[in-house]
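1. predicted model follows, preceded by the sequence.
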Amino acid sequence: MKKHIILVFILAAALAACAAPAPVGQGPVYFDSAQLLVLESFPIQLRLMIAGNLPTPCHELAYEIASANAQNEIHVSVYTTVDPAVTCMQVLEPFEESIAIPLDGLADGDYSVWLNGEQVGEFSYPG
């Protein structure tokens, strides 16, 4: 009987090792600064310079940039990703990041750039 119980535990451990990886969760980002830089080039180039803290050293910075909407707003969403199965030291992790804002396909006009719902700057295209 004991051999069967041990065999069941070994089989369960083997199946757990083959299971799909844990889903990656999204987490917050704590910003200290955000600045939109309009580089003096032709055509113009935009960089969003951000600095702040990640919740832990295990969190990784991620972002999505939406195309300009009807109000000529470009929204950038910055967040963190983390594997919820990983145990991590609970200490803030400082970061600095430069995000290039693509301008492909923009019509001439005035635009604003938003970071997580807050306006961080404006620019004119083509410049």
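-> Arrived safely, thanks for sending. Residues are numbered from 1 along each chain as shown.

2. report the beta-bridge partners for the residue nearest the centre of the chain.
-> Centroid check for the chain by Cα atoms, centre = their mean gives residue 62 as the closest residue, at 1.7 Å. Listed by DSSP bridges, the beta-bridge partners for residue 62 are residue 79.

3. please report how far it lies from residue 126.
-> Spatial separation of residue 62 from residue 126 under the definition Cβ to Cβ, to the nearest Å is 30 Å. Just so you know, the C-beta spots here come from the backbone N, C-alpha and C atoms, and that holds for glycine as well.

4. and for residue 63?
-> 25 Å.

5. neighbour count for the two, which is higher?
-> Each of residue 63 and residue 126 has its neighbours counted (other Cβ atoms under 10 Å); residue 63 has more, 15 against 11.

6. show me what contacts the closest residue in space to the more buried one that isn't next to it in sequence?
-> Counting by Cβ to Cβ, 6 or more residues apart in numbering, the nearest residue to residue 63 once its immediate chain neighbours are dropped is residue 78, at 4.6 Å. Applying Cβ atoms under 8 Å, 6 or more residues apart in numbering, we find residue 78 in contact with 29, 31, 50, 61, 62, 63, 99, 115, 116.

7. from those, which would you call buried?
-> Of the members of the contacts of residue 78, the ones counted as buried by neighbours, 16 or more other Cβ atoms under 10 Å, are 29, 31, 50, 61, 99, 115, 116.

8. filter these down to the ones in strands?
-> When strands are assigned by DSSP state E, the members of these inside them are 31, 50, 61, 99, 115.

9. mind listing what's buried in stretch 49-56?
-> Going by 16+ other Cβ under 10 Å, stretch 49-56 has these buried residues: 50, 52, 53, 54, 55, 56.
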